[in-house]
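# Below: sequence and its predicted model.
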Amino acid sequence: MKKLITAAAIALLLAGHAAGSSIDIAHSAAAPLSLVVDGQAVLPGAPPFHSGGTLYVPARALLEYFPTELQWNNTLKQLTLSTSWDKTILTPGSASIQVTYLQTDGGYQDDLDAPVLLKAGRVYIAAATLDSLTGAVTELNPGGSRVNITPGSLSTTVRVPAAPLAIAENNPKVRLYAALKDGNTYKGFILEVNGKKQHFNWTVSRDYSHPPQLFYADVDSDGKPEATVVFTLGTGTSLVAQEVHVVKPEQWKEISVPAADKAASAVVSSSISLDKNDVLLKLELTGLKPSKMTLRLQDRAEDGLKYFGSKAAIGAVTYYSVENNKLLADTSLMVGMTESVGTLKLEYKAGKTGMELGSIAFEPDERGEAIVEK
């Protein structure tokens, strides 16, 4: 293929069905393959097949990934895929496509991995073409009876997956589904609680190594359990970013939760100074259980205040959890260039307009524990 097609063209590219024509190829006598898109069986009347050693899949399956309008021209024997920004033409028997931009003049023609085919009144494309143009992954199962198409890093799916992304450990009827997967992003979620479902416009990155967490517990002490969803937004060296959503399923109302770093910053003050060969970090925590302490970082004065700064940083690493009907958060306290000295441990409680900080405590790390001066 000469080049990868732009995202706009991809959205139009590969879907459709059509009436029969002289290019229509013969049916295979072998048992038909089944097609599974994003975990769900689709298009039983348009099974995949092999032709000349090439695996073909129905182009209409791409409607599961890319919402677009289709129009078959029976005179020209062409399938047009249209959006508000361009049109793409697929012609059975041809190994190329024609893309025309609608908002600006121009367009281009590009080669496909194999010719477009017409079988039993439906347009088919090579699985390799699907993979290279959309980033989706097309695989034949080990038994050779089923073709699985799953989204890749560039793919979009408009399906609600049959398998939930998360299930509450204490209640299997509390589930979280992705409403839309757009490339590396989840755009919207469906929360299910005891058979009822509601859509929420939460947008987060798709991180396969850190799936969403789902809890079902009475975190606001009103006698009724809430659904608490925790998303990991990103990870890196000395960095973990999470966000939390608490939903009252009776009204499908999301109640506000102050982010852990902001809640901690409002009640924690710090200052850094030099004491001969050492660095002193003074902390003061206000709130329900006020406390003061000093951490002495021994033999670190040579690094200087230019390295340590004037105060500690809060929130580079944050984790949320629910335990014993309590919404909790751990958020880091760091000095210098992402040097951890301990963890601020938060417990939330119900407030007038949502959840609010109930209590906070500081837990030094192993290195700092022996040098705390209260």
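Yep, it's here.

# Show me the shaky parts of the protein.
The model of the chain has pLDDT under 70 over residues 1-30, 62, 64-68, 132-135, 152-162, 182-183, 367-374.

# separation between the residue of it most remote from its centre and Ala241?
Distance from the centre of the chain peaks at Lys276, with 49.4 Å (CA atoms, centre = their mean). From Lys276 across to Ala241, the span is 37 Å (CB to CB, to the nearest Å). (C-beta placed from N, C-alpha, C; glycine too.)

# dump the residue contacts of the residue nearest the centre of the chain.
Nearest to the geometric centre of the chain sits Arg206, at 2.4 Å (CA atoms, centre = their mean). Arg206 is in contact with Lys181, Asn184, Thr185, Tyr186, counting by CB atoms under 8 Å, 6 or more residues apart in numbering.

# and if we set it to 6 Å?
Contacts for Arg206 (CB atoms under 6 Å, 6 or more residues apart in numbering) come out as Asn184, Tyr186.

# Please work out how many residues are found near Asn170.
Using other CB atoms under 10 Å, Asn170 is surrounded by 11 other residues.

# That one: what's its closest spatial neighbour, skipping adjacent residues?
In space, not counting the residues next to it along the chain, Asn170 is nearest to Tyr216; the distance is 5.9 Å by CB to CB, 6 or more residues apart in numbering.

# After the helix or strand containing the one you found, which helix or strand is next?
Using DSSP states H and E, the element containing Tyr216 is strand 213-217. Next along the chain after strand 213-217, taking DSSP H and E as the criterion, comes strand 226-236.

# Show me which residues of the helix or strand following that next one are buried.
Where DSSP H and E defines the elements, the next helix or strand beyond strand 226-236 is strand 239-248. Under the neighbour-count criterion of 16 or more other CB atoms under 10 Å, strand 239-248 has Val240, Ala241, Gln242, Glu243, Val244, His245, Val246, Val247, Lys248 buried.

# can you list these in CSV and add distance to Gln198?
Formatted as CSV, the buried residues of strand 239-248 follow (distance: CB to CB, whole Å):
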residue, distance to Gln198
Val240, 28
Ala241, 25
Gln242, 22
Glu243, 18
Val244, 17
His245, 12
Val246, 14
Val247, 8
Lys248, 11
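
# tell me which of these is nearest to Ala312?
Val240 (17.3 Å; CB to CB).

# Pairing partners for the closest one in the sheet, please.
On the basis of DSSP bridges, Val240 takes part in beta bridges with Thr235, Val317.

# That one contacts Val317, correct?
Yes: with contact defined as CB atoms under 6 Å, Val240 and Val317 form a contacting pair (4.5 Å).

# still on that earlier bit, beta partners of the residue nearest to Asn170?
Going by DSSP bridges, Tyr216 forms beta bridges with Ala227.

# list the contacts for it?
Tyr216 is in contact with Ala168, Asn170, Asn171, Val174, Pro225, Ala227, counting by CB under 6 Å, 6+ apart.

# Now the buried members of these.
Counted by 16+ other CB under 10 Å, those give Ala168, Asn171, Val174, Pro225, Ala227 as buried.

# burial measure for Ala266, as a count.
Burial measure for Ala266: 13 neighbouring residues, criterion other CB under 10 Å.

# Noted, bye for now.
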